[in-house]
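**Student:** Here is a sequence together with a model predicted from it:
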Amino acid sequence: QVQLVESGGGLVQAGDSLRLSCAASRRTFSRYAMGWFRQASGKEREFVSAISGSGSSTDYADSVKGRFTISRDNAKNTVYLQMNSLKPEDTAVYYCAARPYSYLSGSSYPSSFDYWGQGTQVTVSS
């Protein structure tokens, strides 16, 4: 089992930045690929970004490329999502997810992740 706890959400204005954090309970954190997904009100959960266990490979949704950066600190069992140039359409609940293998193949699908955090709300006003 892996417990995931997100933090860092909030209310910001368009163009602002936020950094989300996700702390994991698992000591073998580096063996887990990590992902960020988001779900806006009335919409399905969608892929945002993912990172391999070592941190050497990353993937992004087209809608956030060039604005968001995913990273991880395996010594701290934490994954981050730096979000810059935020837009109102980025408003959603953001979820951290983990799966017990380190590569990214198929990581854009929520069903490929086994563990989920409780989510953190990000609201971007225009």
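**Tutor:** Received the coordinates, thanks. Source: prediction; values computed, not measured.
**Student:** Tell me the bridge partners for the residue nearest to the spatial centre of the chain.
**Tutor:** For the chain, the residue nearest the mean C-alpha position is Trp36 (2.2 Å; Cα atoms, centre = their mean). Trp36 forms beta bridges with Ser49, Cys96, as assigned by DSSP bridges.
**Student:** In contact with Ala40: list those residues for me.
**Tutor:** Counting by Cβ atoms under 8 Å, 6 or more residues apart in numbering, Ala40 touches 91-93. Placement of C-beta: from N, CA and C, glycine included.
**Student:** Buried ones among those?
**Tutor:** For the contacts of Ala40, a burial check counting by 16 or more other Cβ atoms under 10 Å picks out 91-93.
**Student:** so of those, which ones are in strands?
**Tutor:** Of the buried ones among the contacts of Ala40, the ones assigned to strands by DSSP state E are 92-93.
**Student:** Show me which of the buried ones among the contacts of Ala40 is closest to Leu81.
**Tutor:** Nearest to Leu81, judged by Cβ to Cβ, of the buried ones among the contacts of Ala40 is Ala92 at 12.1 Å.
**Student:** In this model Arg45 seems to touch the residue nearest to the centre of the chain, though I could be wrong.
**Tutor:** No - counting by Cβ atoms under 8 Å, Arg45 is not a contact partner of Trp36; they are 10.8 Å apart.
**Student:** Give me the common contacts of those two.
**Tutor:** The contact lists of Trp36 and Arg45 share Tyr95, where a contact means Cβ under 8 Å, 6+ apart.
**Student:** Dig out what Trp116 forms beta bridges with.
**Tutor:** Going by DSSP bridges, Trp116 forms beta bridges with Ala97.
**Student:** tell me the residue furthest from the middle of this structure?
**Tutor:** Ranked by distance from the centre of the chain (Cα atoms, centre = their mean), the top residue is Ser126, with 22.8 Å.
**Student:** which non-adjacent residue is nearest that one?
**Tutor:** Nearest residue to Ser126 in three dimensions, chain neighbours excluded: Pro88, at 4.7 Å (Cβ to Cβ, 6 or more residues apart in numbering).
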